[in-house]
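J.: Sequence and predicted structure, then a few things I'm wondering about:
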Amino acid sequence: MTASPERFDTLIIGAGMSGLAAGIRLALFDQRVAIVEKHSLWGGLNSFYKLGGRRLDVGLHALTNFMAPGTPGAKARPLARILRQLRIPFADLALGEQHGSEVAFPGVRLRFSNGLALLTEEIATHFPAERDGFARLVAAVTDYPPVEAEERSPSARVVLREYLRDPLLVDMLLLPLLYYGSPTPNDVAWSSFVVLFKSLYEEGFARPEGGVRRILELLRGRYLEAGGELRMRCGVEQVLSRDGRAYGLRLEDGRELRADRILSSAGRVETLRMAGPEQAAQIQPGDIGQLSFVESISILDTPPADLGHAATITFFNDAERLVYARPDEPVDYRSGVICCPGHYAAEEPHEPALRLTLLANHARWSALEDADYYALKERVWDLGHAAITRYAPDVRPHTIFKDVFTPRTIEHFTGHLNGAVYGSPRKRSDGRTPLEGLFLCGTDQGYLGIIGAMLSGVAMANRHALAGGSGKADTVLSGVQP
C-alpha cells in the first residue's frame, strides 16, 4: 500500500535567504512548515563552498542597510525590524563596518561610506553645480511613499533628470545600485532606486565576522530551533494543482507533499514551469531575466592595502557612459565591482583577497565544450585583472589561489534561467501567481540583496500565511525598505 502524502501548513521551495526567513517566521507561529532544497548547501545565490582547504563566500560583497544600534532611527530601519521578526539578536551578526567605498569613472571618483555625509561632500567637490539638485533628490527619496509597486514605477533615469543635469553624475549614482539589484539594462525602476539608494548610500555596508556563512548558520539554526523541517537534496519536479489552486509538490524522487499553501523562491518563470504546461504558457519573453555575471575570487600573498588599494568596494566604469547590459561577448570588461573582503572592521583578520565581478553572456558560456569552458575561465581571470589596473592594483603576481564562477555555475546552483542573478525584470510585489495558494518570495517578488531577500520571506509569510489567520502575527512589513 502506498503511504499517504505528508501534509504541512506551508511548503517552501528553496533554502536561500528568503526561504529560510519565511520558514522561521511561520515556524515561530507554530505552523508545520518544510523547506525543500535541491542542493546539499543552503543559501541559494548567497552561499558558501569549500575549495582547496578554504571556505569561500558566494554573492556576499557586503551586507547593506547597516545602522549601528543606538543610531537615531536605527530601530525603525529594515535590518533591525527584520531581525526582530526573526527573533535574532543584532549582536549575533558580529558586523564590521566598511572602511569606505567608491564609484570610479574615467577622470573622476566619488567616495562614499556609511551615511550620506561623505558622498554629499564628494558631489559638492566634483559636481558643484549639482549640490542643490542632489539635496532635492535626497529629500525626494526620503519623502517617497514606499507602497508603489515596481511594475507601476517610472524609470529612475527619467526621474533623476528632474533633479540632476549632469549625465555623468546620474550614471555614477546609478552604477552601484544597478550592480546591487537591477534586472534592467542601464536603468532601474524608480521605486527600486529609492530602496537601493537608502540601502547603499543612506545606511551602508558591513560584513559579518566569518562572512556569509555566519548569517546562513543563524538563519538555519533559528529555523530548526523553531521546529521547521529542512530537506536537502530534495528537488521539485512539479507544483501540483487542481481547479486553479496549488495543493502540493511532487518531488524528483516521486514522493508527494501536501500543503495549504506554497511559497517559492525559485523565481516566477521557474515556478510557473514547475506548475505545468498551462501555467508555463503564460510566460512572456520579457519575463525571463538576461543579466548575469562572471566572478573571480583571488587569494593574495599580501593585503590589497599594502599594494595601494584602500577601498572596500570599487564600482568602476571604464567608459564615458554607464555600461550595464548583457554583452555580446562572453564577458564585458568595461564595468564591474572590485571588492576587498578584508577591508571591513573585524576582530579576526581576513585572508588577503580580492573579488572581481563582471557582466557576462550566459548563452556564450553555455555553448562551450568543457575544455573550452575551463580555458576561458582562466583567460577571463587574467584579462579581467589586467583590465582593472586603472582602478585597482595588478594582483596577478600576488595571487596564490583563485577560483572563477560563471553564468553556468549560477544557473546550476540557483535554477535561474540564463543565470539571471536578479531574476525577471517584471516583479510581482504582492507575490501572487496565477494559481491560488502559490506565492513568490525572494528575487521575483521584488526585494533584492541579503536584507531584501529576508524581508521578502518575512513579508510574504506574514501576508499570505499569517495575516488573518491566528491573529498572533505582527503587522506585515509594508513600507519597510530592504
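T.: Perfect, I can see it now.

J.: Any stretches of this structure with poor pLDDT?
T.: Along the chain, the model assigns pLDDT under 70 to residues 1-3, 59-60, 146-151, 468-482.

J.: all helices of it, in order?
T.: Here the chain has its helices, by DSSP state H, at 17-28, 78-86, 117-126, 131-143, 156-160, 167-181, 190-197, 212-225, 268-274, 277-280, 362-366, 370-387, 407-414, 449-461.

J.: Would you mind pulling up the elements that the last one packs against?
T.: Helix 449-461 sits against helix 17-28, helix 78-86, helix 167-181, helix 212-225, strand 256-264, with contacts defined as 3 or more Cβ pairs under 8 Å, 6 or more residues apart in numbering; DSSP states H and E. The C-beta positions use only the backbone N, C-alpha and C, and glycine is treated the same way.

J.: pull the CA atoms of it into PDB?
T.: Provided in PDB are the C-alpha atoms of helix 449-461 (Å, rounded to 0.1, in the frame of the first residue of the first chain):
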ATOM      1  CA  GLY A 449      20.100  41.500  -1.800                       C
ATOM      2  CA  ILE A 450      20.500  39.700   1.500                       C
ATOM      3  CA  ILE A 451      18.300  42.100   3.500                       C
ATOM      4  CA  GLY A 452      15.800  42.300   0.700                       C
ATOM      5  CA  ALA A 453      15.700  38.500   0.500                       C
ATOM      6  CA  MET A 454      15.000  38.200   4.200                       C
ATOM      7  CA  LEU A 455      12.400  41.000   4.100                       C
ATOM      8  CA  SER A 456      10.700  39.300   1.200                       C
ATOM      9  CA  GLY A 457      10.400  36.000   3.000                       C
ATOM     10  CA  VAL A 458       9.100  37.600   6.200                       C
ATOM     11  CA  ALA A 459       6.700  39.900   4.300                       C
ATOM     12  CA  MET A 460       5.200  37.100   2.100                       C
ATOM     13  CA  ALA A 461       4.900  34.800   5.100                       C
END
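
J.: chain center to it, what's the gap?
T.: 10 Å (Cα atoms, centre = their mean, to the nearest Å).

J.: Helix 212-225 and that helix, what's the angle between them?
T.: Counting by axes from the mean of the first three to the mean of the last three Cα atoms, to 10 degrees, helix 449-461 lies at 20 degrees to helix 212-225.

J.: what's the angle from helix 449-461 to helix 78-86?
T.: Going by the same axes, to 10 degrees, helix 449-461 makes 40 degrees with helix 78-86.

J.: Same question for helix 449-461: list its buried residues.
T.: Neighbour-count burial for helix 449-461, counted by 16 or more other Cβ atoms under 10 Å, picks out 449-461.

J.: need the contact list for P303.
T.: 342, 352 (Cβ atoms under 8 Å, 6 or more residues apart in numbering).

J.: Break the protein down into its structural domains.
T.: Domains of the chain are assigned by automatic domain parsing as 1-94+208-287+425-482, 117-203, 290-414.

J.: closest one to S101 among these?
T.: Taking Cβ to Cβ, domain 290-414 is the member of these nearest to S101, at 4.2 Å.

J.: Now do the end-to-end distance for the closest one.
T.: One end of domain 290-414 sits 15 Å from the other (Cα to Cα, to the nearest Å).

J.: Would you check the distance separating that domain from the middle of the chain?
T.: Computed by Cα atoms, centre = their mean, the chain-centroid distance of domain 290-414 equals 17 Å.

J.: need the contact list for F8.
T.: 31-34, 257-260.

J.: Hmm, I typed the wrong one, I wanted K50.
T.: When contacts are counted by Cβ under 8 Å, 6+ apart, K50 touches L56.

J.: Give me the distance between it and I215.
T.: Distance, K50 to I215, using Cβ to Cβ, to the nearest Å: 17 Å.

J.: how many other residues sit next to P285?
T.: 5 (other Cβ atoms under 10 Å).

J.: quick one on the thing from earlier: mind putting the helices and strands packed on helix 449-461 in JSON lines, distance to E237 and mean neighbour count included?
T.: JSON lines is the format used below for the helices and strands packed on helix 449-461 (distance: least, Cβ to Cβ, whole Å; neighbours: other Cβ atoms under 10 Å):
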{"stretch": "helix 17-28", "distance to E237": "18", "mean neighbour count": "29"}
{"stretch": "helix 78-86", "distance to E237": "30", "mean neighbour count": "20"}
{"stretch": "helix 167-181", "distance to E237": "31", "mean neighbour count": "22"}
{"stretch": "helix 212-225", "distance to E237": "24", "mean neighbour count": "20"}
{"stretch": "strand 256-264", "distance to E237": "10", "mean neighbour count": "23"}
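
J.: got CSV for those, with distance to R131 too?
T.: Shown next, in CSV, are the helices and strands packed on helix 449-461 (distance: least, Cβ to Cβ, whole Å):
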stretch, distance to R131
helix 17-28, 38
helix 78-86, 28
helix 167-181, 11
helix 212-225, 38
strand 256-264, 45
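
J.: These: which one's closest to Y324?
T.: Nearest to Y324, of all the helices and strands packed on helix 449-461, is helix 167-181, at 4.6 Å by Cβ to Cβ.

J.: ok, so of the buried residues of helix 449-461, who is nearest T433?
T.: M460 (11.6 Å).

J.: Let me know the distance separating the closest one from L249.
T.: Distance of M460 to L249, computed by Cβ to Cβ: 17 Å.

J.: you'd agree S113 is up against E121?
T.: No. Using Cβ atoms under 8 Å, S113 makes no contact with E121, being 10.5 Å away.

J.: Settle it for me: which of these two has more neighbours?
T.: Between S113 and E121, S113 has the larger neighbour count (other Cβ under 10 Å), namely 18 against 13.
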